[in-house]
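>>> Sequence isn't available, so here's the structure alone:
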């Protein structure tokens, strides 16, 4: 029995998806729940698993093609085996043009004859260390036709997989290196996610009256508290006590006091949110993603830390779902992870504000009339000046500073 594999229903905010990587080709056996293709949307990469055991009879689209909700991706012959499965169909009995992505199958003898007759320059070249068998169909053909050893190519696909795009860029880079001498250049197309990030950043800059306010915070007491209770915290909760939970909880408390910082603009209306859904910026190989911690005002420190750890793992494994990224009323980004001392983060529309954390550096400060060294961090709050006045932004930032410099009060809800 033939089973159709279709594009999952995409949310209203996602109009279409791009075929990123086929993990199977026509004629391959698949197991139920085995991932057969990755779809790249504007926000995440979606895995499409097989719903049955069987053999892929036909593939309808190639890597790089654009698809929409419920479009047919592939047909699987349920219960078939790779040896007994019918040959991959690439078109109708009337010899119509094959569907995009479908592979033409020739008898081995005919294929060999055609290959023998082909000029040497057009024959696929194999390398001494041929690993093309592990590649998806489109990438495999590119590797063979270009004479590229996939093991020499750095993959940008899921879990480091080598994609057709990687092979094309590798081939272009080799050509540029030869023709450009000591001044090589390489043109690499943006991924879909990167293009979306670029578009949203431009939208933010062009549509928001953005302003940034700065402050600094002494994290000495937070660091002492982590040192004192960190071991017991990890023993009880199975997760390390990091800095982000302190900042997330401080932000949630401050958002309750200054709700306009947690609001968003919808045409001529201001929407106030009675909850703190905080987006946490996480860097991945494909770009920055901002999964959302829901109702942080109700979460404990351990829940925040576990939530962030889970998001980080899912981001590394490419497992973030659209539900993880949608919504959010406020964002926290930590450039200090990479050594940033100070920056002006860009607001993530339709949110109205974003808090930037930075590197912790020991600096000389005056404390009780004495010059002492303290672990200091610069804080930055970028905000939409159309609805957030400077007064509210500064008081919000000062409130976070005061909480972090008195963490015992924050823990007691004071």
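Structure's in. What do you need? Predicted model, so just to flag it, every value in this text is computed and none were measured.

>>> got a list of what residue 34 touches?
For residue 34, the contact set (C-beta atoms under 8 Å, 6 or more residues apart in numbering) comprises 49-50. C-beta: built from backbone N, CA, C; applies to glycine.

>>> swap that for residue 361, please
Applying C-beta under 8 Å, 6+ apart, the residues near residue 361 are 341, 375-377.

>>> Now it: phi and psi?
Main-chain torsions, residue 361, degrees, to the nearest 10: phi -130, psi 140.

>>> Okay, and the beta partners of it?
Beta bridges link residue 361 to residue 376, judged by DSSP bridges.

>>> one step back: closest to residue 404 out of the contacts of residue 361?
residue 377 (8.6 Å; C-beta to C-beta).

>>> Quick check: closest non-adjacent residue to residue 229.
Leaving aside its chain neighbours, residue 229 sits nearest to residue 241 (6.8 Å; criterion: C-beta to C-beta, 6 or more residues apart in numbering).

>>> ok, that neighbour to residue 306 distance?
11 Å (C-beta to C-beta, to the nearest Å).

>>> More neighbours: which of those two?
In this view residue 241 and residue 306 are compared by other C-beta atoms under 10 Å, and residue 241 has more residues nearby, 21 against 16.

>>> Contacts only, for that one.
226, 229-230, 233-234, 301, 305.

>>> Do a quick rundown of the helices in the stretch 301-414 of the chain.
Assigned by DSSP state H, counting those that start in this stretch, the stretch 301-414 of the chain shows helices spanning 301-316, 322-325, 390-405, 407-411.

>>> swap that for the stretch 101-250 of the chain, please
Going by DSSP H, counting those that start in this stretch, the stretch 101-250 of the chain shows helices at 108-117, 137-146, 164-180, 192-207, 220-237, 244-257.

>>> Let me know the angle separating the last one from helix 301-316.
For helix 244-257 and helix 301-316, the angle between their directions (axes from the mean of the first three to the mean of the last three C-alpha atoms, to 10 degrees) works out to 110 degrees.

>>> List the buried residues of helix 244-257.
244-255 (16 or more other C-beta atoms under 10 Å).

>>> Which secondary structure elements does the helix or strand just after that helix sit against?
As assigned by DSSP states H and E, the chain's next helix or strand after helix 244-257 is strand 264-266. Applying 3 or more C-beta pairs under 8 Å, 6 or more residues apart in numbering; DSSP states H and E, we find strand 264-266 packed against strand 269-271.

>>> State the next helix or strand along the chain beyond the host helix or strand of residue 3.
Here residue 3, judged by DSSP H and E, is contained in strand 2-6. Scanning forward in sequence from strand 2-6 by DSSP H and E, the next helix or strand is strand 17-22.

>>> Give me the residues contacting that following strand.
For strand 17-22, using C-beta under 8 Å, 6+ apart, the contacting residues are 7, 10, 36-41, 45-46, 59, 61-68, 73, 101, 136-139, 157-158, 161, 163, 192.

>>> Any figure for the gap between the residue nearest to residue 218 when sequence neighbours are not counted and residue 224?
Among residues not flanking residue 218 along the chain, residue 374 sits closest, at 4.9 Å (C-beta to C-beta, 6+ apart). From residue 374 over to residue 224 the distance is 12 Å, taken as C-beta to C-beta.

>>> out of these two, which sits in the busier spot?
For residue 374 versus residue 224, neighbours defined as other C-beta under 10 Å are more numerous around residue 374 (18 against 12).

>>> quick one: contacts for that one?
Contacts here follow C-beta under 8 Å, 6+ apart; on that basis residue 374 touches 218, 220, 362-363, 365, 367.

>>> Ok, residue 172 next?
Residues near residue 172 by C-beta under 8 Å, 6+ apart: 186-187.

>>> from now on call the first residue 651
Okay, residue one is now 651; in that scheme the one you just asked about reads as residue 822.

>>> So for the chain, which residue is the most central one in space?
residue 939 (4.8 Å; C-alpha atoms, centre = their mean).

>>> wouldn't residue 854 be in contact with residue 981 here?
No: at 11.2 Å, residue 854 does not count as touching residue 981 under the criterion of C-beta atoms under 8 Å.

>>> how about the strand or helix carrying residue 688: buried residues?
Counting by DSSP H and E, the element that carries residue 688 is strand 685-690. Across strand 685-690, burial judged by 16+ other C-beta under 10 Å covers 686-690.

>>> Need those residues in TSV (columns: pLDDT and distance to residue 728).
Below are these laid out as TSV (pLDDT from 0 to 100; distance: C-beta to C-beta, whole Å):
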residue	pLDDT	distance to residue 728
686	91	14
687	91	18
688	87	23
689	88	22
690	83	28
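
>>> As CSV, the residues you listed with distance to residue 861 would be great.
Formatted as CSV, those follow (distance: C-beta to C-beta, whole Å):
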residue, distance to residue 861
686, 48
687, 44
688, 40
689, 38
690, 34
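
>>> just those now: which is nearest residue 968?
Once C-beta to C-beta is applied, the member of the buried residues of strand 685-690 that ends up nearest residue 968 is residue 688, at 7.8 Å.

>>> For the residue lying closest to residue 1004 once chain neighbours are set aside, give the beta-bridge partners.
The shortest distance from residue 1004 to any residue other than its chain neighbours is 4.3 Å, reached at residue 981 (C-beta to C-beta, 6+ apart). Here residue 981 sits in beta bridges with residue 929, residue 1004, going by DSSP bridges.

>>> my read: residue 920 touches residue 911, true?
No: using C-beta under 8 Å, residue 920 is not in contact with residue 911; the gap is 11.6 Å.

>>> Give me the more crowded residue out of these two.
Neighbour comparison, residue 920 and residue 911: the larger count goes to residue 911, with 26 against 14 (by other C-beta under 10 Å).

>>> The more buried one against residue 1033, yeah?
Yes: assessed by C-beta under 8 Å, residue 911 is found in contact with residue 1033 at 6.7 Å.

>>> quick revisit: can you pull the pLDDT of the residue nearest to residue 1004?
Looking at residue 981, its pLDDT reads 96.
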